[in-house]
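Visitor: From the sequence below, what's the structure:
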Amino acid sequence: MSWLFFSVATALLWGTAELFYKKGAQPNEKYSHLKICVWVGIVMGAHAVFTLLTQDIGYNPVNILRYLPVSLFYIISMAFSYFGMRFLEESISDPIENTAGVICALLFVIFLQEEISVLTWVAIAVITVGVLGVSFLENHGETTRKKKLGKTLAIVAFCMPFVYALLDAFGTFLDDAFFLVEDVASSPLVDVTEETIEAVANTSYELTFALFALGLFIFMKAKGVKFGPVPQHKDKILAAVFETAGQFTYVYALSGNGAIAAPIISSVCIVSLLLSRIFLKEKLSWKTYAFITVVIVGILLLAVSEEL
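Guide: Down below sits the predicted model:
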(Lines give C-alpha, C1' and ligand atoms only; values in the text may rest on other atoms or scores of the structure.)
Protein backbone atom coordinates (compact mmCIF):
# COMPACT_ATOMS: atom_id res chain seq x y z
CA MET A 1 0.00 0.00 0.00
CA SER A 2 3.04 2.29 -0.30
CA TRP A 3 1.48 3.82 -3.44
CA LEU A 4 -1.37 5.13 -1.25
CA PHE A 5 1.11 6.88 1.05
CA PHE A 6 2.89 8.42 -1.94
CA SER A 7 -0.45 9.50 -3.49
CA VAL A 8 -1.49 11.37 -0.36
CA ALA A 9 2.05 12.74 0.03
CA THR A 10 2.00 14.07 -3.54
CA ALA A 11 -1.29 15.92 -3.00
CA LEU A 12 -0.03 17.39 0.28
CA LEU A 13 3.38 18.36 -1.12
CA TRP A 14 2.02 20.02 -4.26
CA GLY A 15 -0.79 21.70 -2.30
CA THR A 16 1.79 23.10 0.12
CA ALA A 17 3.97 24.19 -2.79
CA GLU A 18 1.03 26.22 -4.14
CA LEU A 19 0.73 27.96 -0.76
CA PHE A 20 4.38 29.02 -0.77
CA TYR A 21 4.23 29.98 -4.46
CA LYS A 22 1.44 32.39 -3.57
CA LYS A 23 3.35 33.76 -0.57
CA GLY A 24 6.46 34.23 -2.72
CA ALA A 25 4.65 35.89 -5.64
CA GLN A 26 4.40 39.35 -4.15
CA PRO A 27 2.22 41.75 -6.20
CA ASN A 28 4.47 44.73 -5.47
CA GLU A 29 7.68 42.90 -6.34
CA LYS A 30 7.97 43.38 -10.10
CA TYR A 31 10.14 40.35 -10.80
CA SER A 32 8.90 38.02 -8.05
CA HIS A 33 7.49 35.53 -10.57
CA LEU A 34 10.84 35.33 -12.37
CA LYS A 35 12.69 34.95 -9.07
CA ILE A 36 10.46 31.98 -8.28
CA CYS A 37 11.46 30.47 -11.64
CA VAL A 38 15.12 30.90 -10.70
CA TRP A 39 14.72 29.10 -7.38
CA VAL A 40 12.66 26.30 -8.93
CA GLY A 41 15.38 25.89 -11.55
CA ILE A 42 18.10 25.74 -8.88
CA VAL A 43 16.29 23.08 -6.84
CA MET A 44 15.32 21.04 -9.90
CA GLY A 45 18.85 21.28 -11.26
CA ALA A 46 20.20 20.01 -7.94
CA HIS A 47 17.75 17.11 -8.02
CA ALA A 48 18.77 16.26 -11.59
CA VAL A 49 22.43 16.16 -10.56
CA PHE A 50 21.52 13.97 -7.57
CA THR A 51 19.67 11.59 -9.92
CA LEU A 52 22.62 11.35 -12.28
CA LEU A 53 25.01 10.66 -9.40
CA THR A 54 22.88 8.06 -7.63
CA GLN A 55 21.03 6.27 -10.44
CA ASP A 56 22.40 4.46 -13.45
CA ILE A 57 19.98 5.70 -16.11
CA GLY A 58 22.55 5.86 -18.92
CA TYR A 59 21.80 9.52 -19.50
CA ASN A 60 22.67 11.01 -22.88
CA PRO A 61 22.82 14.86 -22.75
CA VAL A 62 21.35 15.09 -26.26
CA ASN A 63 18.01 14.30 -24.64
CA ILE A 64 17.92 17.86 -23.31
CA LEU A 65 17.45 19.01 -26.91
CA ARG A 66 15.16 16.15 -27.90
CA TYR A 67 12.86 16.73 -24.94
CA LEU A 68 13.02 20.53 -25.32
CA PRO A 69 9.52 21.01 -26.86
CA VAL A 70 7.90 19.33 -23.86
CA SER A 71 10.15 21.07 -21.34
CA LEU A 72 9.39 24.50 -22.80
CA PHE A 73 5.63 23.98 -22.61
CA TYR A 74 5.93 23.01 -18.94
CA ILE A 75 8.40 25.74 -17.98
CA ILE A 76 6.66 28.61 -19.77
CA SER A 77 3.30 27.51 -18.37
CA MET A 78 4.73 27.70 -14.85
CA ALA A 79 6.17 31.16 -15.47
CA PHE A 80 2.73 32.42 -16.55
CA SER A 81 1.22 30.75 -13.48
CA TYR A 82 3.64 32.51 -11.13
CA PHE A 83 2.84 35.85 -12.74
CA GLY A 84 -0.89 35.30 -12.23
CA MET A 85 -0.34 34.35 -8.59
CA ARG A 86 0.90 37.86 -7.89
CA PHE A 87 -2.60 39.23 -8.39
CA LEU A 88 -5.05 36.31 -8.18
CA GLU A 89 -6.32 34.32 -5.22
CA GLU A 90 -4.87 30.82 -5.07
CA SER A 91 -8.38 29.55 -4.36
CA ILE A 92 -9.34 30.62 -7.90
CA SER A 93 -6.16 30.02 -9.89
CA ASP A 94 -5.39 26.46 -8.76
CA PRO A 95 -8.73 24.82 -9.72
CA ILE A 96 -8.63 26.56 -13.10
CA GLU A 97 -5.05 25.41 -13.71
CA ASN A 98 -6.05 21.84 -12.91
CA THR A 99 -8.45 21.87 -15.86
CA ALA A 100 -5.40 21.13 -18.03
CA GLY A 101 -6.54 17.51 -17.96
CA VAL A 102 -9.71 18.46 -19.84
CA ILE A 103 -7.78 20.26 -22.56
CA CYS A 104 -5.33 17.36 -22.85
CA ALA A 105 -8.20 14.87 -23.28
CA LEU A 106 -9.67 17.03 -26.03
CA LEU A 107 -6.28 17.25 -27.77
CA PHE A 108 -6.16 13.46 -27.96
CA VAL A 109 -9.64 13.47 -29.48
CA ILE A 110 -8.84 16.22 -32.00
CA PHE A 111 -5.38 15.15 -33.15
CA LEU A 112 -5.32 11.39 -32.57
CA GLN A 113 -9.05 10.63 -32.93
CA GLU A 114 -9.07 8.81 -29.62
CA GLU A 115 -12.42 7.89 -28.13
CA ILE A 116 -13.20 8.99 -24.60
CA SER A 117 -15.75 7.56 -22.19
CA VAL A 118 -19.14 8.97 -21.27
CA LEU A 119 -17.82 9.68 -17.77
CA THR A 120 -15.02 11.78 -19.25
CA TRP A 121 -17.53 13.83 -21.25
CA VAL A 122 -19.59 14.30 -18.08
CA ALA A 123 -16.44 15.46 -16.24
CA ILE A 124 -15.62 17.89 -19.05
CA ALA A 125 -19.16 19.29 -18.93
CA VAL A 126 -19.05 19.70 -15.14
CA ILE A 127 -15.67 21.46 -15.25
CA THR A 128 -16.85 23.74 -18.06
CA VAL A 129 -19.90 24.82 -16.06
CA GLY A 130 -17.73 25.54 -13.03
CA VAL A 131 -15.12 27.53 -14.96
CA LEU A 132 -17.78 29.54 -16.80
CA GLY A 133 -19.42 30.29 -13.47
CA VAL A 134 -16.19 31.54 -11.90
CA SER A 135 -15.47 33.60 -15.03
CA PHE A 136 -18.95 35.14 -14.99
CA LEU A 137 -18.65 36.17 -11.35
CA GLU A 138 -15.15 37.54 -11.98
CA ASN A 139 -16.48 39.82 -14.69
CA HIS A 140 -19.72 40.89 -13.02
CA GLY A 141 -18.71 42.54 -9.81
CA GLU A 142 -18.12 39.59 -7.46
CA THR A 143 -14.52 40.74 -6.86
CA THR A 144 -12.80 44.11 -6.35
CA ARG A 145 -9.82 43.13 -8.51
CA LYS A 146 -10.56 45.62 -11.29
CA LYS A 147 -10.71 48.47 -8.79
CA LYS A 148 -7.42 47.44 -7.21
CA LEU A 149 -5.44 46.59 -10.34
CA GLY A 150 -7.18 48.39 -13.16
CA LYS A 151 -9.25 46.67 -15.82
CA THR A 152 -6.40 45.59 -18.11
CA LEU A 153 -4.15 44.05 -15.44
CA ALA A 154 -7.14 42.40 -13.75
CA ILE A 155 -8.12 40.71 -17.03
CA VAL A 156 -4.52 39.67 -17.77
CA ALA A 157 -4.12 38.22 -14.26
CA PHE A 158 -7.36 36.25 -14.54
CA CYS A 159 -6.25 34.84 -17.92
CA MET A 160 -2.98 33.45 -16.53
CA PRO A 161 -4.43 30.21 -15.06
CA PHE A 162 -6.12 29.51 -18.40
CA VAL A 163 -2.83 30.11 -20.26
CA TYR A 164 -1.12 27.74 -17.83
CA ALA A 165 -3.78 25.06 -18.37
CA LEU A 166 -3.48 25.34 -22.16
CA LEU A 167 0.34 25.18 -22.27
CA ASP A 168 0.55 22.43 -19.65
CA ALA A 169 -2.02 20.41 -21.60
CA PHE A 170 0.03 20.66 -24.80
CA GLY A 171 3.13 19.57 -22.86
CA THR A 172 1.30 16.58 -21.40
CA PHE A 173 -0.15 15.72 -24.82
CA LEU A 174 3.32 15.66 -26.43
CA ASP A 175 4.65 13.72 -23.45
CA ASP A 176 2.03 10.98 -23.52
CA ALA A 177 1.51 10.77 -27.27
CA PHE A 178 5.08 10.88 -28.56
CA PHE A 179 7.74 10.72 -25.83
CA LEU A 180 6.71 8.50 -22.91
CA VAL A 181 5.33 5.72 -25.09
CA GLU A 182 5.24 1.97 -24.42
CA ASP A 183 7.40 1.24 -27.46
CA VAL A 184 10.50 3.08 -26.26
CA ALA A 185 12.20 2.49 -29.62
CA SER A 186 9.72 4.93 -31.20
CA SER A 187 10.38 7.66 -28.65
CA PRO A 188 12.52 10.63 -29.73
CA LEU A 189 14.55 10.10 -26.56
CA VAL A 190 17.75 8.12 -27.08
CA ASP A 191 19.51 5.47 -24.99
CA VAL A 192 16.40 4.74 -22.93
CA THR A 193 14.69 1.58 -21.71
CA GLU A 194 11.26 0.93 -20.27
CA GLU A 195 12.80 1.24 -16.81
CA THR A 196 14.69 4.51 -17.42
CA ILE A 197 12.59 6.50 -19.89
CA GLU A 198 10.62 8.45 -17.25
CA ALA A 199 13.74 9.27 -15.25
CA VAL A 200 15.53 10.39 -18.42
CA ALA A 201 12.60 12.62 -19.42
CA ASN A 202 12.32 14.15 -15.95
CA THR A 203 16.07 14.73 -15.71
CA SER A 204 16.03 16.44 -19.12
CA TYR A 205 13.18 18.67 -17.96
CA GLU A 206 14.94 19.56 -14.71
CA LEU A 207 18.24 20.35 -16.44
CA THR A 208 16.40 22.53 -18.95
CA PHE A 209 14.68 24.38 -16.11
CA ALA A 210 18.09 24.93 -14.49
CA LEU A 211 19.44 26.44 -17.72
CA PHE A 212 16.29 28.55 -18.06
CA ALA A 213 16.81 29.77 -14.49
CA LEU A 214 20.42 30.70 -15.26
CA GLY A 215 19.26 32.72 -18.26
CA LEU A 216 16.65 34.53 -16.15
CA PHE A 217 19.22 35.26 -13.44
CA ILE A 218 21.60 36.80 -15.99
CA PHE A 219 18.71 38.80 -17.51
CA MET A 220 17.65 40.22 -14.14
CA LYS A 221 21.22 41.04 -13.14
CA ALA A 222 21.63 42.91 -16.43
CA LYS A 223 18.45 44.84 -15.57
CA GLY A 224 19.92 45.75 -12.19
CA VAL A 225 17.38 43.68 -10.24
CA LYS A 226 18.50 43.07 -6.65
CA PHE A 227 17.96 39.65 -5.11
CA GLY A 228 18.87 40.40 -1.51
CA PRO A 229 19.97 37.79 1.05
CA VAL A 230 18.76 34.20 0.70
CA PRO A 231 16.51 34.29 3.81
CA GLN A 232 14.32 36.85 2.03
CA HIS A 233 13.47 34.16 -0.51
CA LYS A 234 12.45 31.45 1.95
CA ASP A 235 8.89 31.19 0.56
CA LYS A 236 10.17 30.85 -3.00
CA ILE A 237 12.74 28.25 -1.94
CA LEU A 238 10.21 26.25 0.07
CA ALA A 239 7.82 26.30 -2.91
CA ALA A 240 10.57 24.90 -5.14
CA VAL A 241 11.48 22.20 -2.61
CA PHE A 242 7.86 21.06 -2.13
CA GLU A 243 7.29 21.10 -5.92
CA THR A 244 10.34 18.92 -6.59
CA ALA A 245 9.57 16.57 -3.68
CA GLY A 246 6.06 16.14 -5.11
CA GLN A 247 7.52 15.13 -8.45
CA PHE A 248 9.54 12.45 -6.67
CA THR A 249 6.55 10.97 -4.81
CA TYR A 250 4.33 11.24 -7.91
CA VAL A 251 6.33 8.59 -9.77
CA TYR A 252 5.91 6.09 -6.93
CA ALA A 253 2.25 6.98 -6.42
CA LEU A 254 1.37 5.89 -9.95
CA SER A 255 3.18 2.57 -9.53
CA GLY A 256 0.20 1.15 -7.64
CA ASN A 257 -3.55 1.41 -8.13
CA GLY A 258 -3.84 4.25 -10.62
CA ALA A 259 -7.64 4.29 -10.47
CA ILE A 260 -7.43 5.38 -6.83
CA ALA A 261 -4.12 7.25 -6.95
CA ALA A 262 -5.18 9.65 -9.72
CA PRO A 263 -8.17 11.23 -7.92
CA ILE A 264 -6.18 11.42 -4.67
CA ILE A 265 -3.42 13.33 -6.45
CA SER A 266 -5.99 15.51 -8.23
CA SER A 267 -7.28 16.57 -4.82
CA VAL A 268 -4.25 18.87 -4.66
CA CYS A 269 -6.59 21.76 -5.47
CA ILE A 270 -8.64 20.92 -2.37
CA VAL A 271 -5.47 20.98 -0.26
CA SER A 272 -4.52 24.30 -1.85
CA LEU A 273 -8.00 25.71 -1.23
CA LEU A 274 -7.92 24.77 2.46
CA LEU A 275 -4.38 26.03 3.03
CA SER A 276 -5.17 29.32 1.28
CA ARG A 277 -8.22 29.82 3.50
CA ILE A 278 -6.32 28.96 6.70
CA PHE A 279 -2.94 30.61 6.15
CA LEU A 280 -3.59 33.31 3.53
CA LYS A 281 -7.03 34.23 4.89
CA GLU A 282 -8.47 34.18 1.38
CA LYS A 283 -12.20 34.75 1.45
CA LEU A 284 -14.38 34.60 -1.66
CA SER A 285 -18.12 34.94 -2.14
CA TRP A 286 -20.22 31.83 -1.52
CA LYS A 287 -21.17 31.82 -5.22
CA THR A 288 -17.50 31.68 -6.23
CA TYR A 289 -16.79 28.88 -3.75
CA ALA A 290 -19.80 27.00 -5.14
CA PHE A 291 -18.50 27.12 -8.71
CA ILE A 292 -14.95 26.26 -7.55
CA THR A 293 -16.43 23.18 -5.85
CA VAL A 294 -18.09 22.25 -9.16
CA VAL A 295 -14.70 22.51 -10.90
CA ILE A 296 -13.03 20.33 -8.25
CA VAL A 297 -15.77 17.69 -8.53
CA GLY A 298 -15.26 17.65 -12.30
CA ILE A 299 -11.48 17.28 -11.90
CA LEU A 300 -11.95 14.31 -9.57
CA LEU A 301 -14.41 12.73 -12.02
CA LEU A 302 -11.92 13.22 -14.84
CA ALA A 303 -9.14 11.60 -12.83
CA VAL A 304 -11.36 8.58 -12.14
CA SER A 305 -12.52 8.31 -15.76
CA GLU A 306 -8.95 8.30 -17.09
CA GLU A 307 -8.07 5.27 -14.96
CA LEU A 308 -11.18 3.15 -15.66
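Visitor: Would you check how far apart the residue lying farthest from the centre of the chain and residue 31 are?
Guide: What lies farthest from the middle of the chain is residue 224; by Cα atoms, centre = their mean that is 29.5 Å. Here residue 224 is placed at a distance of 11 Å from residue 31 (Cβ to Cβ, to the nearest Å). Every C-beta, even on glycine, is put in place using the N, C-alpha and C of the backbone.
Visitor: before we move on, what about residue 206?
Guide: When Cβ to Cβ is applied, the distance between residue 206 and residue 31 equals 22 Å.
Visitor: higher neighbour count, the two?
Guide: Remark: of residue 206 and residue 31, residue 206 carries more neighbours, 25 against 17, as counted by other Cβ atoms under 10 Å.
Visitor: Quickly find the element holding the more buried one.
Guide: Here residue 206 is covered by helix 197-222, with elements defined by DSSP states H and E.
Visitor: How many residues are close by the nearest residue to residue 292 once chain neighbours are set aside?
Guide: The shortest distance from residue 292 to any residue other than its chain neighbours is 5.2 Å, reached at residue 95 (Cβ to Cβ, 6 or more residues apart in numbering). A count of neighbours around residue 95, defined by other Cβ under 10 Å, yields 27.
Visitor: repeat for the one 5 residues further on
Guide: With neighbours defined by other Cβ under 10 Å, the count for residue 100 comes to 23.
Visitor: In contact with it, which residues?
Guide: Taking Cβ atoms under 8 Å, 6 or more residues apart in numbering as the criterion, residue 100 is in contact with 164-166, 168-169, 172.
Visitor: wait, doesn't residue 240 sit right on residue 37?
Guide: No. Counting by Cβ atoms under 8 Å, residue 240 stays clear of residue 37, with 9.3 Å between them.
Visitor: What residues sit buried inside the helix or strand containing residue 36?
Guide: Per DSSP H and E: residue 36 is located in helix 32-54. Buried positions in helix 32-54, judged by neighbour count with 16 or more other Cβ atoms under 10 Å: 32-45, 47-48, 51.
Visitor: what does stretch 121-130 give?
Guide: Under the neighbour-count criterion of 16+ other Cβ under 10 Å, stretch 121-130 has 123-124, 126-127, 130 buried.
Visitor: Ok, stretch 67-86 next?
Guide: Within stretch 67-86, the residues that qualify as buried are 67, 70-86, counting by 16+ other Cβ under 10 Å.
Visitor: One more: stretch 177-187?
Guide: Buried residues in stretch 177-187, counting neighbours by 16+ other Cβ under 10 Å, are found at 179-180, 184, 187.
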